[in-house]
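A.B. asks: next one to model:
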Amino acid sequence: MSKYIKNIGIILVILGHYYFCGYVLSEVHDMKNYEPLVKIINNSSKEGIQVNEKSNSDLANTKQISFNKYLGIIEIPKINLKRYLYDIDSSQNDVDKNIEILKDSDMPNVRGGNLILAGHNGNSAVGHFKNLHKVTLGDKVVINYNNINYTYEISKIYDVLKTGSVAIKRNKNKNTITLITCLGSDRQLVVIGYLKDSF
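C.D. replies: Below is the predicted model of the structure:
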C-alpha cells in the first residue's frame, strides 16, 4: 500500500512540475507580446491615462474628424453598454465625460493595431465601465467605425496593481481592443479582445 501511495505521489509531483513549466513558458511567450506600458497620470483636476510610447506607428488609415462629432460606437451586449466614441482631439474624448480613446490608439482598420479605451468604474454618471468586470472570455465587443462593424472576442482578462502603469499583454499580429478601468481602489482591470469579424 505504501508503495502505491509513493507512486501516486511521484506521479503528482511530475504532473505539477509539467504544469508549472508550461505556465512559465506561456508567460515568457506572452511577455514577448507586451505593449509599452500604459501610464496612469494625475493631473490637477482628474486622473487620466496615456500610452507613453508608440509600438505601431502606422496611423495612415486613421480618420480624423472635426471636434465633438462622434467617431464611432462601442457596444458590449453582455453588459448592455452602447456609447459614442469621440475623435481623439475632441473635448468629448475625456474619461471624465465619456469612454476615452487613448492618444496612441490605432483605429480598427489598422492592421495589427490596438484600440485602447479607458473608462471610469463606479455608479457616477460617467461610470461607463462599471460593469466591465462582468464580461467573460468569449464575450463580444463591437466597434462601429466608418460604418463598418468590427467584432472582437474577449480572449484575456487580468488585473494588476494600480502602480501608475499597466502592461498590455497581447498578440501584436492581431487587431486588438484593450479596455481599461479601475477595479476597487488599488487595482486596474485589463480586458483584451481580438478581431473576429468586420462587415
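
A.B. asks: helices or strands up against the lengthiest strand in the chain?
C.D. replies: When the chain is scanned for its longest strand (criterion: DSSP state E), the result is strand 148-161. On a contact count with 3 or more Cβ pairs under 8 Å, 6 or more residues apart in numbering; DSSP states H and E, strand 148-161 meets strand 140-145, strand 176-183, strand 187-198. Where you see a C-beta, it was placed from the backbone N, CA and C, and this is true even at glycine.

A.B. asks: can you list those strands in JSON lines and add distance to Tyr86?
C.D. replies: Output for the helices and strands packed on strand 148-161, formatted as JSON lines (distance: least, Cβ to Cβ, whole Å):
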{"stretch": "strand 140-145", "distance to Tyr86": "12"}
{"stretch": "strand 176-183", "distance to Tyr86": "16"}
{"stretch": "strand 187-198", "distance to Tyr86": "20"}
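
A.B. asks: so which helix or strand takes in Asp96?
C.D. replies: Assigned by DSSP states H and E, Asp96 belongs to neither a helix nor a strand.

A.B. asks: what distance do you get for it to Ile154?
C.D. replies: Applying Cβ to Cβ, to the nearest Å, the value for Asp96 to Ile154 is 26 Å.

A.B. asks: coming back round to it: of the helices and strands packed on strand 148-161, which is nearest Ile116?
C.D. replies: Ile116 sits nearest to strand 176-183 of all the helices and strands packed on strand 148-161, at 4.6 Å, using Cβ to Cβ.

A.B. asks: ok, and what's touching that closest one?
C.D. replies: Contact with strand 176-183 is made by 35, 38, 49, 108, 113-122, 129, 132-133, 141, 143, 152, 159, 162, 166, 168, 170, 188-195, as judged by Cβ atoms under 8 Å, 6 or more residues apart in numbering.
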